[in-house]
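*Asks:* Give me a 3D structure for the following:
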Amino acid sequence: MTTAPMPVTQPRRTRWLLSAVGGSFLFLTLLLAPRGLPFVPVCWFHSMTELPCPGCGLTRSVFAIGSGELVAAWHFNPFGYLVYGVLFVLLLLPLLGRVAPRVTAFIESSWFINSFVGLSVGALMVYGLVRLAVQWG
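*Replies:* Numbering: from 1, shown residues only. Presented below is the predicted three-dimensional model:
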């Protein structure tokens, strides 16, 4: 029994899709202020322990950046700047693919993506542990 090969996704099409997703989220951050977001307890860690997890405040931080409340964004969660930056790069990915194809190829390489995600998650966990230590201290 043979299986048909999986169709290869065209990089250009994927870039445009990621750009649309990143741009949509960035557009939402311009429309909504962080204080206007409804409080929806979605963090199971916080709801069970009453302690902040590493990601607590991340959504409000991204929306604060979009609203120009940069100090508030830092207080909500400093990693909001990283998320906002990733969304901005995703928005510009199709343009970057035309202007700087080598840079785009590097950004899209699995080595870069794996390293970036690994370092980001590691840094977020360290931040979460420091945040807990400060709260307990």
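*Asks:* Flag every buried residue along the one helix or strand residue 107 maps to.
*Replies:* For residue 107, the host element (DSSP states H and E) is helix 101-108. Neighbour-count burial for helix 101-108, with 16 or more other C-beta atoms under 10 Å as criterion, is recorded at 104, 107-108. C-beta here means a position set from N, CA and C on the backbone, and glycine is covered the same way.
*Asks:* Dump these to TSV, plus pLDDT and distance to residue 95.
*Replies:* Output for the buried residues of helix 101-108, formatted as TSV (pLDDT from 0 to 100; distance: C-beta to C-beta, whole Å):
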residue	pLDDT	distance to residue 95
104	91	9
107	92	13
108	91	14
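*Asks:* where in this protein is pLDDT low?
*Replies:* The model of the chain has pLDDT under 70 over residues 1-10, 36-42.
*Asks:* just so I have it, where are all the helices in the protein?
*Replies:* 11-31, 44-49, 58-66, 70-76, 80-99, 101-108, 110-136 (DSSP state H).
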